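Participant: Return a 3D structure for these sequence lines:
(one chain, ligands or ions: 3)
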Amino acid sequence: MCGIVGIVGKSDVNLQLYDALTLLQHRGQDAAGIVTCDRNRLNQQKANGLVRDVFRARHMERLKGNFGIGHVRYPTAGSSGPALAQPFYVNSPYGIAMAHNGNLTNVRDVVEEIFQQDLRHINTDSDSEVLLNVFAHELHKQHKLQPKAEDIFTAMRAVHKRVRGGYACVALIVGYGIVAFRDPHGIRPLVYGKRETDQGTEYMVASESVALDVLGYTLVRDVAPGEAIYIELDGTVHAEQCAENPSLNPCIFEHVYFARPDSIIDGVSVHKARLRQGEHLAEKILRERPDHDIDVVIPIPDSARTAGQTVAYRLGVKFREGMVKNRYIGRTFIMPGQKQRKKSVRQKLNAIELEFRGKNVLLVDDSIVRGTTCKQIIQMAREAGAAKVYFASAAPAVKFPNVYGIDMPSAEELVAHGRTTEEVCREIGADWLIYQDLQDLIASSAEGNENIKQFECSVFDGNYITGDVDEKYLQELHAARNDAAKQNKSGQSFL
Ligand SMILES: O=P(O)(O)OC[C@H]1O[C@H](OP(=O)(O)OP(=O)(O)O)[C@H](O)[C@@H]1O
Ligand SMILES: NC(=O)CC[C@H](N)C(=O)O
Ligand SMILES: [Mg+2]
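Facilitator: Ligands and ions are numbered 1, 2, ... in the order given. This is a model prediction of the structure:
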């Protein structure tokens, strides 16, 4: 779930891009990159690591230019090496750099086609490099010395016909401006906003509205599914629907885990969606055990804090921050290997014994995916002296792989795959396990925007909205990206 940003400014945008990437850091911790354009010359810095480690003062000084794009990466295709850090660049036509959040599902076919028909070489096993080359080729086909908005939109229409999957992107065209676009199913989020300065209006496109807020931009709106927005250097904004049958199906896992609670995605406040998740979860707890004996509700920081509050309030039980998070350890779920994830949970979280000793505790987390976090937390709760350890997940059981930009490639690695709730409960060592029902999770998000008729919920229901994901694809994905396979990833696999 990478983070992307693009800015068309009135003065150097390097510092704004840096700040925006730090605000999107929770979406990707593996690599970061910025490309700016200064008088038709591109400046670039990208490498593995967190934003604060990738950009030094000397890089920032070099990143001159009043328009640019940035990326924080959480790999879902290819290796996690530095060659796959984004933005990617092609020199023809015009010089284009691109940053991509999402994952393509027909990349193997497109790579073959792009070589055979378009004579384009792809140098890495990144799906994002493929997407950039498709866009570049389609723009090249317009044969314009100076591209107009209509040429860009014609190219976009062709891109949507050629690629499948989830993609929200920003592309920088040297000398012209920034193009932002979202896949026809609207799976991955993308917003744009503007701010007034003494020199004129500046524009920003970003994965999440939090980047706009903090940098003083006002949200104009979400980029619509299938829509492309082209912002020229003089601030002229062009927008056009470029997909044939666009429909909005936002990824519900953004509301569960990925997005920051202070973001608003497709009109839905993530914070409010999580508050509602907690309310629904509490109702289910009360239905299952009207005379429960829970003494205290303890959320697992960070992402479960919001839902945990409403669970406790609705149950009429004490809410206590009994788990303390080490603020210097990042998100464990998006770390690359199971060994690192496992070790980091213990480094990240520690129990305050007096909140556990002799009590029946209800631990609330936003989700249980591989079970790495909850197994260790339950163990910690027992060691801290809890009498009973109950566990509630604000999301339903995660049973299916994700193919649209979340690195859950292998069903076998999911603790709920092929297990009943009772079996998962035993496996993670809890005394009672409660999962949110899918209809309640959907209601928690849908109440925020009645125009959203459907959410992308494949990790919970196995329904892949793009219609092209079959058993064969899932098997290939599992073989290429299960934990063991990722350890020795070196060759071209595009998965
Ligand atoms: O079952 P698992 O495979 O462990 O995955 C689920 C856990 O991982 C995430 O936390 P993470 O540490 O990534 O981030 P957070 O601080 O935002 O909660 C999520 O919030 C759950 O706690
Ligand atoms: N999580 C993402 O959005 C990943 C983008 C792209 N598929 C990559 O692996 O770099
Ligand atoms: Mg967590």
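
Participant: Return the residues of this protein in contact with ligand 1.
Facilitator: Remark: the part of the chain in contact with ligand 1 comprises 257, 300, 302-303, 331-334, 365-374, using Cβ under 6 Å from any ligand atom. To be clear about C-beta, it is placed using only N, CA and C from the backbone, and glycine gets the same treatment.

Participant: Buried ones only from those residues, please, as a PyMOL command.
Facilitator: Buried members of those, defined by 16 or more other Cβ atoms under 10 Å, are picked up in PyMOL with:
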select buried, resi 257+300+302+303+331+332+333+334+365+366+367+368+369+370+371+372+373+374
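
Participant: The residue nearest to residue 163 when sequence neighbours are not counted bridge partners, please.
Facilitator: On the basis of Cβ to Cβ, 6 or more residues apart in numbering, the spatially nearest residue to residue 163 that is not a chain neighbour turns out to be residue 104, at 5.4 Å. Beta bridges link residue 104 to residue 165, judged by DSSP bridges.

Participant: right, and residue 104 touches residue 126 too?
Facilitator: No - the pair residue 104 / residue 126 is not scored as a contact, 9.9 Å apart, by Cβ atoms under 8 Å.

Participant: Give me the common contacts of these two.
Facilitator: In the contact map built from Cβ atoms under 8 Å, 6 or more residues apart in numbering, the residues linked to both residue 104 and residue 126 are residue 77.

Participant: Quickly note the distance from the residue nearest to residue 163 to residue 115.
Facilitator: According to Cβ to Cβ, to the nearest Å, residue 104 and residue 115 sit 16 Å apart.

Participant: Could you check which of these two has the larger neighbour count?
Facilitator: residue 104 (31 against 13; other Cβ atoms under 10 Å).

Participant: Please list all residues in contact with the more buried one.
Facilitator: With contacts defined as Cβ under 8 Å, 6+ apart, residue 104 is in contact with 77, 110, 127, 130-131, 163-165, 167.

Participant: Partner strands of the helix or strand containing residue 230 and their direction?
Facilitator: Applying DSSP states H and E as the criterion places residue 230 in strand 227-232. Its sheet considered, strand 227-232 pairs with strand 177-182 (antiparallel), strand 237-241 (antiparallel) by DSSP bridges.

Participant: Please identify the most buried of these.
Facilitator: strand 177-182 (a mean of 27; mean count of other Cβ atoms under 10 Å).

Participant: right, is it up against ligand 2?
Facilitator: No - using Cβ under 6 Å from any ligand atom, strand 177-182 stays clear of ligand 2, coming no nearer than 12.8 Å.

Participant: Give me the residues contacting that strand.
Facilitator: Residues outside strand 177-182 that contact it (Cβ under 8 Å, 6+ apart) are 6-8, 67, 69, 152, 156, 159, 167-173, 188, 190, 192, 203, 205, 223-233, 242.

Participant: Looking at those, which are in strands?
Facilitator: 6-8, 67, 69, 167-173, 192, 203, 205, 227-232 (DSSP state E).

Participant: Let me see the contact set for residue 145.
Facilitator: Applying Cβ under 8 Å, 6+ apart, no residues qualify as near residue 145.

Participant: Look at it and give its secondary structure.
Facilitator: coil (DSSP: H, G, I helix; E, B strand; the rest coil).

Participant: Spatially, what comes nearest to the residue of the stretch 151-300 of the chain found nearest ligand 2 if we skip its sequence neighbours?
Facilitator: Residue nearest to ligand 2 within the stretch 151-300 of the chain: residue 188 (7.2 Å; Cβ to the nearest ligand atom). Excluding the flanking residues, the one nearest residue 188 by Cβ to Cβ, 6+ apart is residue 168, at 3.8 Å.

Participant: hey, which helix or strand in this structure has the poorest pLDDT?
Facilitator: The weakest-scoring helix or strand in the chain, judged by mean pLDDT, DSSP states H and E, is helix 483-487 (a mean of 77).

Participant: in that helix, what counts as buried?
Facilitator: Within helix 483-487, judged by 16+ other Cβ under 10 Å, the buried ones are 483, 486.

Participant: Kindly export it (C-alpha atoms) in CSV.
Facilitator: Output of helix 483-487 as CSV, limited to C-alpha atoms (Å, rounded to 0.1, in the frame of the first residue of the first chain):
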residue,chain,number,x,y,z
ASP,A,483,7.5,-15.7,2.6
ALA,A,484,10.1,-18.3,1.7
ALA,A,485,10.1,-17.4,-2.0
LYS,A,486,10.5,-13.7,-1.2
GLN,A,487,13.7,-14.4,0.8
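
Participant: what does this protein have sitting close to ligand 2?
Facilitator: Residues of the chain lying near ligand 2 (Cβ under 6 Å from any ligand atom): 1-2, 73-77, 84, 100-103, 126-128, 405.

Participant: Narrow those residues to just the buried residues.
Facilitator: Buried among those (16+ other Cβ under 10 Å): 1-2, 73-77, 84, 100-103, 126-128, 405.

Participant: In strands, which of the residues you listed appear?
Facilitator: Short answer: these in strands (DSSP E) are 73, 100-103.

Participant: I'd guess residue 137 is in a strand, am I close?
Facilitator: No - Residue 137 sits outside any strand when classified using three-state DSSP, being helix.

Participant: May I have the phi/psi pair for the closest residue to it other than its chain neighbours?
Facilitator: Sequence neighbours aside, residue 118 is the residue nearest to residue 137 in space, at 4.6 Å (criterion: Cβ to Cβ, 6+ apart). With angles defined as degrees, to the nearest 10, residue 118 sits at phi -100, psi 0.
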